[in-house]
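Peer 1: the following block contains a protein sequence and its predicted model.
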Amino acid sequence: MPRSRINGNFIDKTFSIVANILLRIIPTTSGEKEAFTYYRDGMSAQSEGNYAEALQNYYEAMRLEIDPYDRSYILYNIGLIHTSNGEHTKALEYYFRALERNPFLPQAFNNMAVICHYRGEQAIRQGDSEIAEAWFDQAAEYWKQAIALTPGNYIEAHNWLKITRRFD
């Protein structure tokens, strides 16, 4: 049984009802509808912290979804799960893949910057300031891209760029 039919969360149920109505109104193929159902179920599982189930749904959605824009959001969400699990290398890979399909995902650039900044902090703790600076420089580049896409967002990142004199 699809997760959307068993989920007791009011917001998820409301989203499912609206999504089902839209799927009936908007002309879509059965494959697109099925892909969306897996994506929706993946988001629901992810929001509940059921990452293994979410990944299964996202992988199935990726198998069915052909639209690059829609695939970018599936890949982004897979990246989020790997980030949450501390699998930063895998997360970066999925964020890159999402951006290849949709270069207008500021949240992917931000998450990549956060991972790079974290790795820079790890390098400092290990006493490797040269590696740390390289990670911080990479974080700065990603944050600049996120800020360029959504001026006014990522205020803390903007301030960090200014304080560290990495903002052009």
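Peer 2: That came in fine, so what should we check first?
Peer 1: gap between the residue of the chain positioned farthest from its centre and residue 121?
Peer 2: In the chain, the residue that sits farthest from the middle, by C-alpha atoms, centre = their mean, is residue 127; the gap is 30.9 Å. The spacing between residue 127 and residue 121, counted by C-beta to C-beta, to the nearest Å, is 12 Å. Just so you know, the C-beta spots here come from the backbone N, C-alpha and C atoms, and that holds for glycine as well.
Peer 1: how far away from the center of its chain is the one helix or strand residue 45 maps to?
Peer 2: Element membership for residue 45 (DSSP states H and E) is helix 30-47. Distance of helix 30-47 from the chain centroid (C-alpha atoms, centre = their mean, to the nearest Å) equals 15 Å.
Peer 1: what's the distance between the helix or strand that it is followed by and the middle of its chain?
Peer 2: Downstream of helix 30-47, the next assigned helix or strand under DSSP H and E is helix 51-64. In terms of C-alpha atoms, centre = their mean, the centre of helix 51-64 is set 14 Å apart from its chain centre.
Peer 1: now do helix 51-64 and helix 30-47, the angle between them.
Peer 2: Orientation check (axes from the mean of the first three to the mean of the last three C-alpha atoms, to 10 degrees): helix 51-64 against helix 30-47 gives 160 degrees.
Peer 1: residues in contact with the residue positioned nearest the centre of the chain?
Peer 2: The C-alpha lying nearest the average C-alpha coordinate of the chain belongs to residue 76 (C-alpha atoms, centre = their mean; 3.1 Å). The neighbours of residue 76, taking C-beta atoms under 8 Å, 6 or more residues apart in numbering as the test, are 94, 95, 98, 105, 107, 108.
Peer 1: which pair in these spans the largest distance?
Peer 2: Taking C-beta to C-beta, the two most distant members of these are 94 and 107; they sit 12.6 Å apart.
Peer 1: more neighbours, these two?
Peer 2: residue 94 (23 against 18; other C-beta atoms under 10 Å).
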